[in-house]
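In: Mind folding the following:
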Amino acid sequence: MNLTTARGRAKARLRLLAEGALARLPAPSQDGGVLLVRLDAIGDFLLWQRTAASYRAIYPGRHLVLAANALWAPLASRLPYWDEVVAIEMPRLDYDRRYRMRTFRALRRRNFSVALQPTFSRILVYGDSVVRASGASARIGFDGDLANMPAIAKAWSDRWYTTLIAAERGARTELERNDEFLLKLGCREVAADALPTVAVLPAELRIDRPYFIVFPGASWTGRQWPAERFARLIELVGTRFPGWLPVLCGSADERGLCDDVAARTSAPCATLAGKTSLAEFCEVVRGARLLVGNETSAIHVAAAVGTPSVCLLGGGHFGRFVPYPAAFRGRAPEPVYEPMPCYGCNWKCRLPHAAGDAVPCVAAITLEAVGDAIDRALASPPRGVDGVRIA
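Out: Numbers count the residues shown, from 1 in each chain. Sure thing, here's the model as predicted:
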């Protein structure tokens with residue numbers, strides 16, 4: 001939603017006034033359930049799902065409905081933490097006015113008594129608008145920050161909540177923010193569950209020998225370690241662990257990148273890019289000896305299923321998603337990074353680099369540093385739980 005120009009602000013006001021009229025309609029008499037709103041990316045969801053079971057403890061006996069990003073809604077539907085999942089197509093929610101109003105009316109008719117949005121960095125056009133349209137008598141959200149919207153938009157949408165939970169000041173990881181929201185909501189002790197089994201792999205996705213996963217893609221090329229270094233990494237792991245099959249993974253759009261990496265190494269590789277659902281990918285990762293990748297959802301999948309992983313970490317969001325906090329229970333990703341004074345740029349890199357290339361903080365990560373991180377990841381047992389070292 002464009003709030004940066006006078007014309008954009010005028011169009012936004014008209015749309016939001018229409019949605020506001022919808023939110024003020026009398027509520028039909030139904031079950032008064034609880035709506036959980038999580039419309040962010042796959043990685044954010046995987047970090048949050050560890051604590052999702054705690055919402056049952058706060059609202060026992062209530063009908064819990066998850067409003068989910070359609071990208072990961074099928075995975076969410078396989079989890080036991082809620083009674084129902086409503087998939088929302090995020091791009092259409094923004095550009096398709098008919099879809100937006102149809103979605104909002106359907107939610108409004110449910111007569112939710114409580115709507116919760118635990119997202120720390122809220123987005124007005126997505127989560128905030130869904131909470132508002134729900135018409136729930138209690139609309140609770142995080143006070144949050146300005147990472148995803150300007151101050152004028154946040155001041156506007158803050159008024160759509162009956163309660164805003166004040167966030168602790170200072171830098172905290174996303175995992176800690178998820179715990180903070182629950183504790184301030186009234187949860188006595190936050191559960192931290194690993195991801196349960198979510199799929200049975202078909203025969204073509206079962207690998208009958210030890211394997212490790214390389215995930216070379218990222219949402220932006222500036223966050224991607226160079227393809228030639230991933231190829232050299234495959235050869236390094238092959239010398240240390242003979243017999244381990246390298247498996248290249250990614251989305252269908254990243255198939256070309258995976259093929260490029262495979263073409264740069266003499267090691268025989270398997271490529272599963274675009275061949276798995278999200279749930280199947282989780283189980284492929286669960287069976288791997290190791291996963292190495294950029295800071296993407298794949299790293300959080302590995303942590304969720306307990307697979308050792310190494311994260312090639314830049315400085316854009318350093319400390320928010322990775323490294324994991326010391327109190328994390330489970331197998332945290334092993335971060336490898338090159339500290340620079342410009343960390344915390346929100347991926348708005350101002351240092352010289354060619355278009356399409358890795359930004360300097362990612363490009364500075366050496367193969368040797370990644371090799372050392374692999375040794376640490378494989379030698380360290382899970383934090384806070386009894387674990388077996390992997391040889």
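
In: What ranges in this structure fall below the confidence cut-off?
Out: 1-31, 383-391 (pLDDT under 70).

In: can you give me the strands in it?
Out: Using DSSP state E, the strands of the chain run over 34-38, 64-69, 84-88, 114-117, 138-142, 163-165, 211-215, 245-248, 270-271, 290-294, 309-312, 334-336.

In: Using neighbour counts, pick out the buried residues of the fifth one.
Out: Taking 16 or more other C-beta atoms under 10 Å as the neighbour-count basis, strand 138-142 is seen to contain the buried residues Arg139, Ile140, Gly141, Phe142. Backbone N, C-alpha and C define where each C-beta goes, glycine included.

In: tell me what that strand is packed against?
Out: Applying 3 or more C-beta pairs under 8 Å, 6 or more residues apart in numbering; DSSP states H and E, one finds that strand 138-142 contacts strand 114-117, helix 129-134, strand 163-165, helix 174-185.

In: what about it, distance to the chain center?
Out: Offset of strand 138-142 from its chain centre (C-alpha atoms, centre = their mean, to the nearest Å): 21 Å.

In: try the longest one
Out: Centre-to-centre, strand 64-69 and its host chain are 15 Å apart (C-alpha atoms, centre = their mean).

In: Give the partner strands of that strand in its sheet and their orientations.
Out: Strand pairing for strand 64-69, determined by DSSP bridges: strand 34-38 (parallel), strand 84-88 (parallel).

In: if you compare those strands, which one is most tucked away?
Out: By mean neighbour count, with neighbours taken as mean count of other C-beta atoms under 10 Å, strand 34-38 ranks first of these at a mean of 24.

In: Please name the nearest non-neighbouring residue to Val65.
Out: Nearest residue to Val65, sequence neighbours excluded (C-beta to C-beta, 6 or more residues apart in numbering): Glu84, at 4.7 Å.

In: hang on, the one you found packs against Ala68?
Out: No: with contact defined as C-beta atoms under 8 Å, Glu84 does not count as touching Ala68 (10.1 Å).

In: Can you say which of the helices and strands packed on strand 138-142 is packed in most?
Out: Taking mean count of other C-beta under 10 Å, strand 114-117 is the most buried of these, at a mean of 26.

In: And the strands paired with strand 64-69: which comes nearest Pro339?
Out: Pro339 lies closest to strand 34-38 among the strands paired with strand 64-69, at 32.0 Å (C-beta to C-beta).

In: Just the CA atoms of that closest one, as CSV, please.
Out: Output in CSV follows, covering the C-alpha atoms of strand 34-38 (Å, rounded to 0.1, in the frame of the first residue of the first chain):
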residue,chain,number,x,y,z
VAL,A,34,-9.6,-17.3,18.5
LEU,A,35,-7.9,-16.1,15.3
LEU,A,36,-4.1,-16.3,15.1
VAL,A,37,-2.7,-14.2,12.3
ARG,A,38,0.7,-15.1,10.9
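
In: List the contacts of Arg122.
Out: For Arg122, the contact set (C-beta atoms under 8 Å, 6 or more residues apart in numbering) comprises Asp128, Gly141, Phe142, Gly144, Asn148, Met149, Lys154, Ser157.
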